[in-house]
Each structure stands twice: as structure tokens, then as C-alpha cells.
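> sequence and predicted structure are below.
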Amino acid sequence: MRRRARNCSGHLGEFPVAVFLLLFFVCFPAVNLLGLATGAATIYLLAHTSATRAAAQEQYANALSGVKEEAENFLKTGFASFSRLKPSAGFEMCGCDLFVTATNYRTQEVLTFGPNTPVPPPVDASNFIYEYSCRTTFKVGPT
């Protein structure tokens, strides 16, 4: 019995369609997902460093200006430009709001002051632990 060679040229016609579908449904969304993840990580790092810089200040007004400067510095980085970050709210439209959280370490009562307003006097450092937190609001553009 003789075997006949099969004609496999019909599969080459499907290759451009398969490559197009692969690029359109896998690669391009993956690049946008990478941009979104980069934006989220940059926003998280911005909030962390802004709160850290605010905590290093001695007065609340200096803390607010430090948060604003830190946000403006982060918006000039390559990660922020790659993910197209744009502030959409915050203190003087910098994207960050500064809150003060006071925790009574005896009763575990938690008080939150803000956004962008200091703790009303008197400040009771013997019963409360004070910490800054930064909430950010940004728009992340498509890559």
C-alpha cells in the first residue's frame, strides 16, 4: 500500500489571523495592565513617602507643604509619566489629603482628623498616639 503525502499548506492561511488575535487580545491588554499596576504601585509609594515626610515636620503647616512637594516630585518621575498619573483631588490639587489618626492606647478608641486640618487643641500625648495618613486620588491613564 502506498502512502500519500498530505498537503499542509492550509494551515499557513490561519497564521496571520492567529497572530492578530494574540496581539489584540493578549499583548495590548497586558501592556495596559502593566501600566495600571505601575500606576497603583507609584501611588502607593507616593502616599507612603508623603506621610513619612509629613511625620518628620514639627508643625502642621510644614507637614502639608511637605506632602504637596513630595507629590509634585513624584509626578515628575518616569513611573508617573509611564502610567500617566494625574491628580484629581487633594490639598491644592496635588492628589494627596493628609489625615491625623489619634489612637487612645488605653481604650483603643480611634479618632480621625482631617482632611488637611490639624488636631484641635489640647493635644494629649499621654493618652493618645498620633500618626499621619495620606489618602491619594489620582487618575491613571491608558498606556
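Happy to help now that I have it. Since this is a predicted model, take the numbers as computed values, not measurements.

> please count neighbours and contacts with C-alpha atoms only from this point.
Fine.

> gap between the one helix or strand Phe28 maps to and the chain center?
Assigned by DSSP states H and E, Phe28 belongs to helix 28-55. Offset of helix 28-55 from its chain centre (CA atoms, centre = their mean, to the nearest Å): 3 Å.

> likewise stretch 120-133?
Taking mean C-alpha positions (CA atoms, centre = their mean), stretch 120-133 and its chain are 28 Å apart.

> could you shift the numbering so residue one becomes 41, and keep it that way?
Right, with 41 as the first residue, what we last looked at is stretch 160-173.

> that one spans what distance, first to last residue?
Using CA to CA, to the nearest Å, the end-to-end distance of stretch 160-173 comes to 17 Å.

> contacting residues around that stretch?
Defining contact as CA atoms under 8 Å, 6 or more residues apart in numbering, one finds that stretch 160-173 is touched by 87, 91-92, 94-95, 138-146.

> which residues of this protein fall in helices?
Using DSSP state H, the helices assigned to the chain run over residues 55-62, 68-95, 100-114, 118-122.
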